[in-house]
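Undergrad: would you be able to build a 3D model of this:
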Amino acid sequence: MRVITFGTFDVFHVGHVNILERARACGTELYVGVSSDKLNFSKKDRYPIYSEADRMRIISALSCVDFVFLEESLELKRDYIQQYEADLLVMGDDWQGKFDELSDICQVKYLPRTPSISTTEIIEVVRHKAPGHD
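TA: Okay, here's the model as predicted:
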């Protein structure tokens, strides 16, 4: 069973590893769409810390990932699922219900996110941490 998932994976952290490993465990192959810099800017009104090329390189290096591609639009999820012949779409539960309309072409599953870990929070902590303080 081919599993597909999507994400920005900026400032890569253990929550990313957890969800990718759990997504992979749902099937025999894991395909990952990494959000383009332009897509991330349109979603969050800021560019990622790491470039799309670096984020794709990081995801490609994981043993649980079989294939990585660039996601250029949220509206193209249906096309990506069909192009890569995915049987199962896995997303974090922060997207709960938002992709249910794709259940006509594949199974859709939402996995719980790792509690208390998010790239946005990490960026805020780093931004506000004064040099020389813990």
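
Undergrad: after the longest helix that the chain contains, next one along is what?
TA: As assigned by DSSP state H, the longest helix anywhere in the chain is helix 14-25. Proceeding N to C from helix 14-25, the next assigned helix or strand is strand 29-35, under DSSP states H and E.

Undergrad: now that following strand: buried residues?
TA: Leu30, Tyr31, Val32, Gly33, Val34, Ser35 (16 or more other Cβ atoms under 10 Å). The C-beta positions use only the backbone N, C-alpha and C, and glycine is treated the same way.

Undergrad: so how far is the helix or strand that it is followed by off the chain centroid?
TA: Downstream of strand 29-35, the next assigned helix or strand under DSSP H and E is helix 37-44. Its chain's C-alpha centre and that of helix 37-44 lie 13 Å apart, by Cα atoms, centre = their mean, to the nearest Å.

Undergrad: Ser63: neighbour count?
TA: 7 (other Cβ atoms under 10 Å).

Undergrad: before we move on, what SS does it have?
TA: coil (DSSP: H, G, I helix; E, B strand; the rest coil).

Undergrad: tell me the spacing between it and His16.
TA: 14 Å (Cβ to Cβ, to the nearest Å).

Undergrad: quick one: the helices in the protein?
TA: So, for the chain - with DSSP H - the helices run 14-25, 37-44, 52-60, 77-83, 119-128.
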